[in-house]
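Undergrad: take this sequence and fold it.
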Amino acid sequence: MKGIRLVLLTFVILFAFAACTRDAAHEEAQPEQGQEEEQQDQEASANTGVTAPLTGLPVDEPLTERIIGVMIDNHTQARPQSGLAQADIVYEILAEGPITRYLALFHSQTPDVIGPVRSLRPYYIDIARGFDAILAHAGGSPAAKEEIARTGYPSFDDTGNGGFVFYRAEHRKAPHNLYTGRHLLEEGEARFGYDQDYEIPALLFKPETEEMTGQEAEWIEIVYHGQYYQVAYEYQTQTGTYTRYIGSEPHTDAESGQPLTASNVLVIEAGHKVLDDAGRREVDVRGEGKGYLFQRGKVQEITWQVKDGVIRPFADGQEVGLYPGQTWVNIIPDNPGLADIVSFKAH
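TA: Here you go, the predicted model:
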């Protein structure tokens, strides 16, 4: 009898152990199942066939919001800036003297902090007009303010009736402390009625898998002026993007602390003419000229021209596609031009 009881007790213990093992295995499997579902959701989003017009990256649904362009300061006291990492396209052009300034176009995402915001120039209006983009700025040159007033171009001006779209940050001194952000821009767009009657241009993108041919260009240097306005890009093989530098230091985002990157770097030369003692310029961004397109660690000589209002690269008479991701466009003077301002090499 004792032997029978011992056998029964052993059976009960083994059954209970097996049940616990099954429960534990089921519990451990739950996170993996959740991760699998999340991965399936991401893959479903990528397979919708819908992409962002300015980046070519997959999105859940078509983007119908209006593009917003923000004038962002690049004075040494304005660095690091906020928001450049989230822009779809960034244009860098000389604004006055040796100082460059950015026009950052936001569409697929608009961050909560953008700035510092600075003043406008007419050639930035020319670029924004091609995207039918609202402009956010703090005043402008006399010619830029006259252009806005004459044409009624949609803008938020901190020195005019759009001041409610901006705020002054305490961690910097004026004039390098003016900021805006997603909620303020949306409020301004609704209040001024800018969320109606606009068009979103289409850019040409190539497949991620398409190989890039051309001369090696894993390190790029663009010298606008001296150390403080010398730009560099370093190719990262593992990501297929370029990390951006100012001088010898990575150009970082103030909010995340992470370096700025770009899938495409388009460098073009355009006519520049100094207008006054402040070094303000007239820049021809509506014509055509020579340039370089840097992608995937290589360079392609291109010509640029404006098609459907947007500066685009061409080779052999055909538009050259961009790789999906963020694009930086560096516009430099055609005198002295590409040969003297831009250099590149393999690592």
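Undergrad: report pLDDT for the most centrally placed residue in the chain.
TA: Nearest to the mean C-alpha position of the chain, counting by C-alpha atoms, centre = their mean, stands residue 87 at 3.0 Å. At residue 87, the predicted lDDT confidence score is 98.
Undergrad: skipping its backbone neighbours, what lies nearest it in space?
TA: residue 104 (3.8 Å; C-beta to C-beta, 6 or more residues apart in numbering). All C-beta atoms are positioned from the backbone trio N, CA, C, and that covers glycine.
Undergrad: strands paired with the host helix or strand of the one you found, and their directions?
TA: Under the criterion of DSSP states H and E, residue 104 resides in strand 99-106. Taking DSSP bridges as the criterion, strand 99-106 forms sheet pairs with strand 68-72 (antiparallel), strand 89-96 (antiparallel).
Undergrad: and the first one, what's buried?
TA: Residues of strand 68-72 classed as buried: 68, 69, 70, 71, 72 (neighbour count, 16 or more other C-beta atoms under 10 Å).
Undergrad: from those, pick the one nearest residue 124.
TA: residue 71 (6.5 Å; C-beta to C-beta).
Undergrad: report the contact partners of that closest one.
TA: Contacts for residue 71 (C-beta atoms under 8 Å, 6 or more residues apart in numbering) come out as 101, 102, 103, 117, 118, 119, 120, 124, 135, 136, 137, 138.
Undergrad: who wins for neighbours among those residues?
TA: Most neighbours among the contacts of residue 71, by other C-beta atoms under 10 Å: residue 137, with 32 neighbours.
Undergrad: can you give me the strands for the stretch 51-200 of the chain?
TA: 68-72, 89-96, 99-106, 134-137, 155-157, 167-168, 178-179 (DSSP state E, counting those that start in this stretch).
Undergrad: and of the ones you listed, who's closest to residue 241?
TA: strand 89-96 (13.7 Å).
Undergrad: the closest one: how far from the chain's middle?
TA: Counting by C-alpha atoms, centre = their mean, to the nearest Å, strand 89-96 is centred 13 Å from the centre of its parent chain.
Undergrad: put the alpha carbons of that strand into PDB.
TA: This file holds the C-alpha atoms of strand 89-96, laid out as PDB (Å, rounded to 0.1, in the frame of the first residue of the first chain):
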ATOM      1  CA  ILE A  89      14.400  69.300 -46.300                       C
ATOM      2  CA  VAL A  90      16.900  71.900 -45.100                       C
ATOM      3  CA  TYR A  91      18.300  74.700 -47.300                       C
ATOM      4  CA  GLU A  92      21.500  76.500 -46.200                       C
ATOM      5  CA  ILE A  93      22.400  79.800 -47.800                       C
ATOM      6  CA  LEU A  94      24.400  82.800 -46.900                       C
ATOM      7  CA  ALA A  95      22.200  85.400 -45.200                       C
ATOM      8  CA  GLU A  96      24.500  88.300 -44.400                       C
END
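Undergrad: from now on call the first residue 43
TA: With 43 as the first residue, the last one maps to strand 131-138.
Undergrad: which residues touch that strand?
TA: By C-beta under 8 Å, 6+ apart, strand 131-138 touches 96, 116, 126, 142-147, 160-161, 163, 165-166, 169, 266, 273, 314, 320-323, 325, 327, 368-373, 375.
Undergrad: same question, stretch 217-235
TA: Contacts of stretch 217-235 (C-beta under 8 Å, 6+ apart): 108, 110, 112, 115, 117, 119-120, 124, 152-160, 176, 178, 180, 196, 198, 200, 204, 206-213, 236-237.
Undergrad: any idea how far it is from the middle of the chain?
TA: On C-alpha atoms, centre = their mean, the centre of stretch 217-235 falls 18 Å from that of its chain.
Undergrad: with stretch 307-326 instead?
TA: 22 Å.
Undergrad: mind listing what's buried in it?
TA: Within stretch 307-326, judged by 16+ other C-beta under 10 Å, the buried ones are 307, 308, 309, 310, 311, 312, 314, 322, 323, 325.
Undergrad: stretch 111-125 too?
TA: Neighbour counts over stretch 111-125 (16+ other C-beta under 10 Å) mark 111, 112, 113, 114, 115, 116, 120, 121, 122, 123, 124, 125 as buried.
Undergrad: could you dump these into CSV with distance to residue 251 and pLDDT added?
TA: Listed next are the buried residues of stretch 111-125 as CSV, based on distance: C-beta to C-beta, whole Å; pLDDT from 0 to 100:
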residue, distance to residue 251, pLDDT
111, 32, 98
112, 33, 98
113, 36, 98
114, 33, 98
115, 38, 98
116, 35, 97
120, 39, 97
121, 36, 97
122, 34, 98
123, 33, 98
124, 34, 98
125, 31, 98
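Undergrad: surely residue 328 meets residue 347?
TA: No. Residue 328 is beyond contact range of residue 347, at 9.6 Å (criterion: C-beta atoms under 8 Å).
Undergrad: which ones are touching residue 364?
TA: 98, 245, 246, 247, 248, 305, 306, 337.
Undergrad: just checking, the last one touches residue 308?
TA: No. Using C-beta under 8 Å, residue 337 is not in contact with residue 308, being 9.3 Å away.
Undergrad: what is the burial count for the residue nearest to residue 95 when sequence neighbours are not counted?
TA: Nearest residue to residue 95 in three dimensions, chain neighbours excluded: residue 242, at 5.3 Å (C-beta to C-beta, 6+ apart). Residues lying near residue 242 (other C-beta under 10 Å) number 17.
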